[in-house]
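# Predicted model, plus sequence, below.
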Amino acid sequence: MSRLLARTTATVLACGLALLLGSAAIAAPIGALKQFKVPTADSQPRAITNGSDGNRWFTEGTEFTSAPAKIARITPAGVITEFAPDVADGCNFCIITDIAQGPGSILYITSNDPTLMRFNVATQSFETPVQMPNTSALGGDLAVSATDVWITDFNNDVVWRYHISDGQFTSFPVSDPADVAVDVAGNAWFTQPGDVNAPGTSNIGRIDAATGAVTMTPTTDGFTTVAPRSVTVASDGQVWFTARFTPQAVGRLNPATNAVTIFPTPSNPGPQDIAASPDGTVWFTQTTKGNVARIDNAGVITEGKAVKGSQPFGITVAPNGDPWYTMFAANKIATLQLR
């Protein structure tokens, strides 16, 4: 499925790979599960992020439902308020893809329209959208640093960098990029699921914010290849990712050594989105199993209570360490209260 990497014009540096095969141990369920119904019926909430206002913000409306595209705020107490963008806000019957908090109280929002939407959490209003430089741009997942917005664009095989201060875009040609995250230095890390049957096409990529150099690390041990999906950077700088196929797993990349460790997830729980916790662990959603799970550097997995048929999708971790996540099929937002 993946197109030839030779199409890229960015500098792609081959990285050495040391892949260590781990095994995940499952601990007893923890936390108290709280669920909150989204006001709009069948809204299929998907992406979720921490807001600068101390609330969580999430997206509604997908290609699988007639519910309108919206973003919504949920308070720590579970009160939900919805906001619907219109054409002037950058949504022309759009399907919202992702949402992330940026500097200056601005949320950045991507969709299948070639615009970067913006919402001010302080004024609770949409701001003038930013036009993408390519009219066929498909705004995928995004991540925001102190200076830049990074956006994956599957349609055009690029990762876009939007420089907030001057409004300029830079493109980094990369075949089939999926998710993206940023580290404390502002560098972008992205997933390239590729084709597990085509060696060298399934990778974790890094874009150096200072030089623009692109580095690719294959997610393979020479025998088994995993297709990375979502990615996050832990508080200790380790890069974690989920893999849904062959096998289902959670992986960790050490940027200092390029060593990759794979922790297969038992019973194919459907690892989907992944988010860093302040304590150095990471949390991820298990769409098939119906819950969220935490994994530490030793590969020990601790799960929350499962809700059958809920299909957890997006996840974020609050400053107090509690994970908040969307229940795509249940039309709810959930949190696992650990204390």
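That came through fine.
# residues in contact with residue 85?
69, 70, 71, 91, 94, 109, 117, 119, 126 (Cβ atoms under 8 Å, 6 or more residues apart in numbering). Bear in mind the C-beta positions are built from the backbone N, C-alpha and C, glycine included.
# in which helix or strand would I find the closest residue to residue 50 other than its chain neighbours?
Distance criterion Cβ to Cβ, 6 or more residues apart in numbering; nearest residue to residue 50, sequence neighbours excluded, is residue 316 at 5.3 Å. Element membership for residue 316, per DSSP states H and E: strand 312-317.
# Quickly list what residue 131 is bridged to.
In this entry, residue 131 is beta-bridged to residue 115, by DSSP bridges.
# So which residues of the stretch 151-300 of the chain form strands?
Ranges of strands within the stretch 151-300 of the chain are 158-163, 168-173, 180-182, 188-192, 203-207, 214-218, 228-233, 239-243, 249-254, 259-264, 271-276, 282-286, 291-295, 300-303, based on DSSP state E, counting those that start in this stretch.
# Between the ones you listed, which one is closest to residue 35.
strand 291-295 (11.8 Å; Cβ to Cβ).
# Report all helices and strands that that closest one contacts.
On a contact count with 3 or more Cβ pairs under 8 Å, 6 or more residues apart in numbering; DSSP states H and E, strand 291-295 meets strand 282-286, strand 300-303, strand 312-317, strand 323-327.
# Out of those strands, flag the one nearest residue 55.
Of all those, it is strand 323-327 that lies closest to residue 55, at 9.8 Å by Cβ to Cβ.
# Show me what counts as buried in stretch 282-297.
Buried positions in stretch 282-297, judged by neighbour count with 16 or more other Cβ atoms under 10 Å: 282-295, 297.
# wait, stretch 151-160
For stretch 151-160, the neighbour count (16+ other Cβ under 10 Å) marks 151, 152, 153, 156, 157, 158, 159, 160 as buried.
# what about that stretch, start to end distance?
By Cα to Cα, to the nearest Å, the extent of stretch 151-160 from end to end equals 5 Å.
# any low-confidence regions in the stretch 1-150 of the chain?
For the stretch 1-150 of the chain, applying pLDDT under 70 flags the ranges 1-28.
# residue boundaries of the strands in it?
Under DSSP E, counting those that start in this stretch, the stretch 1-150 of the chain gives strands at 12-14, 18-21, 25-27, 32-37, 48-50, 56-60, 70-74, 80-83, 96-101, 106-111, 115-120, 125-131, 142-144, 148-153.
# burial measure for residue 113, as a count.
A count of neighbours around residue 113, defined by other Cβ atoms under 10 Å, yields 25.
# likewise the one 3 residues further on?
As a burial measure, the neighbour count of residue 116 was computed by other Cβ under 10 Å and equals 22.
# what separates it from residue 254, distance-wise?
Counting by Cβ to Cβ, to the nearest Å, the gap from residue 116 to residue 254 is 32 Å.
# just residue 305 next, same as before
From residue 305 to residue 254 the distance is 32 Å (Cβ to Cβ).
# picking that back up, check the buried residues of stretch 282-297 and tell me the two furthest apart.
290 and 297 (25.8 Å).
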